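Colleague: Got a predicted model here, sequence first, then my questions.
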Protein chains: 2
Amino acid sequence: MNTAPDPAAAQHRWLTDEEQRVWRAYLHATTLLEDHLDRQLQRDAGMPHIYYGLLVGLAEAPRRRLRMTELAMQAKITRSRLSHAIARLEKNGWVRREDCPSDKRGQFAVLTDEGHEVLRRTAPGHVTAVRQALFERLSPEQQKALGEIMEIVAEGLQPDEAGADLPWLR
Amino acid sequence: MNTAPDPAAAQHRWLTDEEQRVWRAYLHATTLLEDHLDRQLQRDAGMPHIYYGLLVGLAEAPRRRLRMTELAMQAKITRSRLSHAIARLEKNGWVRREDCPSDKRGQFAVLTDEGHEVLRRTAPGHVTAVRQALFERLSPEQQKALGEIMEIVAEGLQPDEAGADLPWLR
DNA sequence: GGCAGCTCCTTGAAACTTGAACAAGTCGGG
DNA sequence: CCCGACTTGTTCAAGTTTCAAGGAGCTGCC
């Protein structure tokens, strides 16, 4: 819409037409994909995508357990949100809480056998969905480029990633 | 984690390590970016990103108005969600509903002057946030690649885009 | 005209998310 | 040992999203 220098908008540079196109495509695609996966998982696994991600995080952790804060960091959500989510997953019987012996404030979220089973049963469908929506449509070069781009973007938004003991989110 | 043919998972091909890396980078980056923009807009404009998008959609429409269904399609959300959202924006005084004269079922969502003013005031900050998080970090080639990739992905998930009168979402 | 089948949009309840506030526990310095 | 500063995880209230249901109007066909 705006590509020439516009005096009225001089100081905060607008997006060029091309940038605009890219940005809208980005919004469009990420929205559709997230919706698609959320729906797929809600249907096949009975939980939203982010909850599924929590189970995966636990499944990959040693002894299938993680401290709440660690799990929150890995899923990139707030502790508050995680508390609610784990409460729900606990109600499903897929996760169980355990006290941390070395820090009485601490809690472990532990993947139950049932939870593991749900994952085992639903992971293939989810992977297929991701594959169909994304990888099957992109050339190897595009896949590579996408990975690089996303790493750059993430790196710019993460306060640390390798660096710090700063407030880890927000 | 799995790249060799695994007999137990033979039929539903897993993700290769490289695909896995790309996929995680994608999730990581899109989550962080969406959170970042949501927070930025909540702080500066008092509304989440999607609501801001609704105002933009209206601002760009002829006479700053759109039928509910059209707006929902453009924002890629359900009509139900839009109803709630417009109710909230109406409460803010940024949008007003108007009856459609030619179809008594229909409603227009109309951007008010106040709404337009909010947009005028907050758009620069938002654009800057997008620019800083995305465009400033990517080479021109990467921007181009990103645009192409996102168009492909979106195209694959949209039932129509150019084609149809089919269920437009889902 | 009348009626079945659609579309338009809204509603209400339940689920989920957010941000602030909080109790409890840890930790380091005096 | 004690205190202030910080961390951990939860809770509350307010806001948002989803899903299923429904009222109302349009449309075409008999």
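Modeller: Yep, that arrived. Numbers count the residues shown, from 1 in each chain, chains lettered A, B, ... in the order given.

Colleague: Can you name the residues of chain A sitting close to DNA strand C?
Modeller: Residues of chain A lying near DNA strand C by C-beta under 7 Å from any atom of the strand: A:47-48, A:50-51, A:77-78, A:80-81, A:84-85, A:88, A:102-105. For every residue, glycine as well, the C-beta is placed using N, CA and C.

Colleague: Among these, name the ones in helices.
Modeller: Counted as lying in helices by DSSP state H, out of those, are A:50-51, A:80-81, A:84-85, A:88.

Colleague: For those, work out which two are farthest apart.
Modeller: A:Tyr51 and A:Ser80 (15.0 Å; C-beta to C-beta).

Colleague: Those two: which has the busier surroundings?
Modeller: Taking neighbours as other C-beta atoms under 10 Å in any protein chain shown, A:Tyr51 and A:Ser80 compare with A:Tyr51 leading, 22 against 9.

Colleague: Report the separation between the residue nearest the centre of chain A and A:Leu66.
Modeller: Nearest to the mean C-alpha position of chain A, by C-alpha atoms, centre = their mean, lies A:Ala75 at 5.7 Å. In this view, A:Ala75 and A:Leu66 are 10 Å apart by C-beta to C-beta, to the nearest Å.

Colleague: do the same with A:Leu37
Modeller: On the measure of C-beta to C-beta, A:Leu37 and A:Leu66 end up 22 Å apart.

Colleague: Also A:Ala133?
Modeller: When distance is defined by C-beta to C-beta, A:Ala133 is 28 Å away from A:Leu66.

Colleague: What of A:Gly156?
Modeller: 26 Å.

Colleague: So between the two, which is more surrounded?
Modeller: Neighbour count, other C-beta under 10 Å: between A:Gly156 and A:Leu66, A:Leu66 has more, with 23 against 18.

Colleague: Local confidence estimate at the more buried one?
Modeller: On the pLDDT scale, A:Leu66 is placed at 97.

Colleague: Check A:Asp160 too.
Modeller: On the pLDDT scale, A:Asp160 is placed at 48.

Colleague: same thing with the one 5 residues further on?
Modeller: The per-residue pLDDT reported for A:Asp165 equals 34.
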